[in-house]
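Build the 3D model from these lines:
(one chain, ligands or ions: 2)
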Amino acid sequence: MRGTAQVPASKSESNRALIIRALAGSGELHNLSDANDTQLMQRLLQQPDAALFDAEDAGTVMRFLTAYLAMTGRQTELTGTARMKERPIRVLVEALQELGARIEYREEPGYPPLRLLGRTPGPATEATADFTELTVRGDISSQYISALLMVGPTLPHGLRIRLTGKVGSRPYIRMTLALMQHFGAVCRDLGEVLEVRPQAYEPTNYTVEGDWSAASYWYAVVALAPVGSHLTLPTLRRYSWQGDQAIAGIMAHLGVHTDFLADEQVRLTKTAPGKEFTQDFTDCPDLAQTIAVVAAATGVAVVMTGLESLRIKETDRIAALQIELAKFGGALTEVDDECFRVSAENFRVNGQTVATYHDHRMAMAFAPLALLGPLTIEDPKVVRKSYPQFWRELEKVGFTTDPTPAPVF
Ligand SMILES: O=C(O)C1=C[C@@H](OP(=O)(O)O)[C@@H](O)[C@H](O)C1
Ligand SMILES: C=C(OP(=O)(O)O)C(=O)O
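Numbers count the residues shown, from 1 in each chain. Ligands and ions are numbered 1, 2, ... in the order given. Okay, here's the model as predicted:
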């Protein structure tokens, strides 16, 4: 295997930059993602007076827009897919209510859809001499915290957030602060306390980096390719704001060496894998599916921790992995509440059909197995959420895809 694969621009960076630019008033954004989550965010921000915002299946759109629309005093409704209506939002709603937003649940308390009824003037919560303070739990989704931080500079006293519980996805919080600072916000990350000064954003330009979560599928491809194989991935930076750059370190255990070349290029080279390792995914939950599949396929015994948030993403990703890995002879076994073990017995790829559960990452995590044998991925269009060109890029490096129903082998 040799070649170059284009990764999309980071949807996490894109969606933050879009919200911050909307608050800043202007600024040029380059290399925005073609992911549906980003295209959707862009469209919705262009219709600020809509009576209904449909965030579809995009967590960042649902959470970031809720904070943005609530704090800019809109009277509107926010909804999403059936799955979005099962993804919790109470922590964010209660924090926004403390800041003076009037928000009601339209169906199930604690879940979308939401009705926004405007905002009482001035925050309802006590402002200290310096900051308006909120205490927010960090163990359900970091997106609530990012959503609150981004509106922080617009509040008369700024915002101080005290985080409680085990904070997951922390690099996404750091990415939010980094982008805010890029747009002139003054913020401090004190670990369990985050502070944002009341100071208007400055219109600024920003070029979005490639998406490291999407890059993980190319790492998987190289991990399953013969020793000596190479792939080059443009638009990825050595000094990234994305926590999923951790894929470079994790994949070293699975036989992929990373070289950071000049001009924002990364070159992946297949080497020999290790035998076993333990990996905590608290900071990088979106990499878990990629690693579970490659570990099972290569027979590397991986112990995975920090998977709590996987149950409330596009699907219950733990259940989905368990069902789909079993079709190949792989297993993801719960050792205890916090710890899962990947194993495999006679792992074989011979024409199985992988269900995708409305989850783009299920499709992309299993697709690289085609290096070991033919397989069918159900509902391939699901990748549009984050990586619409995924199948085309796979074909470019030599995979064959066929949109007809599964042949019998
Ligand atoms: O802020 C973001 O851009 C994201 C944060 C993470 O979610 P959680 O904070 O819910 O873990 C991640 O899984 C998601 O894909 C994108
Ligand atoms: C969890 C994800 O996205 P979101 O929470 O933004 O829907 C993801 O892209 O894997």
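
From now on I want contacts and neighbour counts done on CA atoms only, so please keep to that.
Fine.

end-to-end on stretch 205-214?
With CA to CA, to the nearest Å as the measure, stretch 205-214 spans 24 Å from end to end.

Pro48 - that's part of a strand, no?
No: counting by DSSP: H, G, I helix; E, B strand; the rest coil, Pro48 is not part of a strand but coil.

Please report phi then psi for the nearest residue to Thr376 once chain neighbours are set aside.
Among residues not flanking Thr376 along the chain, Thr353 sits closest, at 4.6 Å (CA to CA, 6 or more residues apart in numbering). Backbone torsions for Thr353, taken as degrees, to the nearest 10, come to phi -110, psi 130.

My guess is Thr353 contacts Pro380. True?
No: Thr353 sits out of contact with Pro380 when judged by CA atoms under 8 Å, with a separation of 11.5 Å.

Give me the phi and psi for Tyr206.
Per degrees, to the nearest 10, the backbone of Tyr206 is at phi -150, psi 140.

where's it relative to ligand 2, distance?
According to CA to the nearest ligand atom, to the nearest Å, Tyr206 and ligand 2 sit 21 Å apart.

pLDDT score assigned to that residue?
We have a pLDDT of 97 for Tyr206.

what secondary structure does whichever residue of the stretch 101-250 of the chain sits closest to ligand 2 sit in?
Nearest residue of the stretch 101-250 of the chain to ligand 2, counting by CA to the nearest ligand atom: Gln143, 7.7 Å away. Secondary structure assignment for Gln143 (three-state DSSP): helix.

So what touches stretch 176-184?
13, 16-17, 20, 24, 146, 149-150, 186-187, 189, 200-204, 241 (CA atoms under 8 Å, 6 or more residues apart in numbering).

Dump the C-alpha coordinates for that stretch into PDB.
In PDB, the C-alpha atoms belonging to stretch 176-184 read as follows (Å, rounded to 0.1, in the frame of the first residue of the first chain):
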ATOM      1  CA  THR A 176     -12.600  25.400  22.800                       C
ATOM      2  CA  LEU A 177     -10.500  27.600  24.900                       C
ATOM      3  CA  ALA A 178      -7.700  27.700  22.300                       C
ATOM      4  CA  LEU A 179     -10.100  28.800  19.500                       C
ATOM      5  CA  MET A 180     -11.700  31.400  21.800                       C
ATOM      6  CA  GLN A 181      -8.300  32.800  22.500                       C
ATOM      7  CA  HIS A 182      -7.500  32.800  18.800                       C
ATOM      8  CA  PHE A 183     -10.600  35.100  18.500                       C
ATOM      9  CA  GLY A 184      -9.400  37.500  21.200                       C
END
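
Buried residues in that stretch, which are they?
Residues of stretch 176-184 classed as buried: Thr176, Leu177, Leu179, Met180, Gln181, His182, Phe183, Gly184 (neighbour count, 16 or more other CA atoms under 10 Å).

Next: stretch 383-399.
Result for stretch 383-399 [16+ other CA under 10 Å]: buried residues Val383, Lys385, Ser386, Tyr387, Pro388, Gln389, Phe390, Trp391, Glu393, Leu394.

Now name the helix or strand holding Val7.
Here Val7 is covered by no helix or strand, with elements defined by DSSP states H and E.

wait, isn't it in contact with Asp211?
Yes: counting by CA under 8 Å, Val7 touches Asp211, with 6.3 Å between them.

In the stretch 101-250 of the chain, where is pLDDT below threshold?
Within the stretch 101-250 of the chain, the stretches with pLDDT under 70 are 122-129.

Those residues of it touching ligand 2, which are they?
For the stretch 101-250 of the chain, no residue is in contact with ligand 2 (CA under 6 Å from any ligand atom).

Which parts of the chain are helices?
Ranges of helices in the chain, per DSSP state H, are 11-24, 36-45, 59-71, 90-98, 142-151, 170-182, 212-224, 247-252, 288-298, 317-326, 360-366, 390-396.

what's the fifth one packed up against?
What it means is helix 142-151. With contacts defined as 3 or more CA pairs under 8 Å, 6 or more residues apart in numbering; DSSP states H and E, the packing partners of helix 142-151 are helix 11-24, helix 59-71, helix 90-98, helix 170-182.

All good on my end, thank you.
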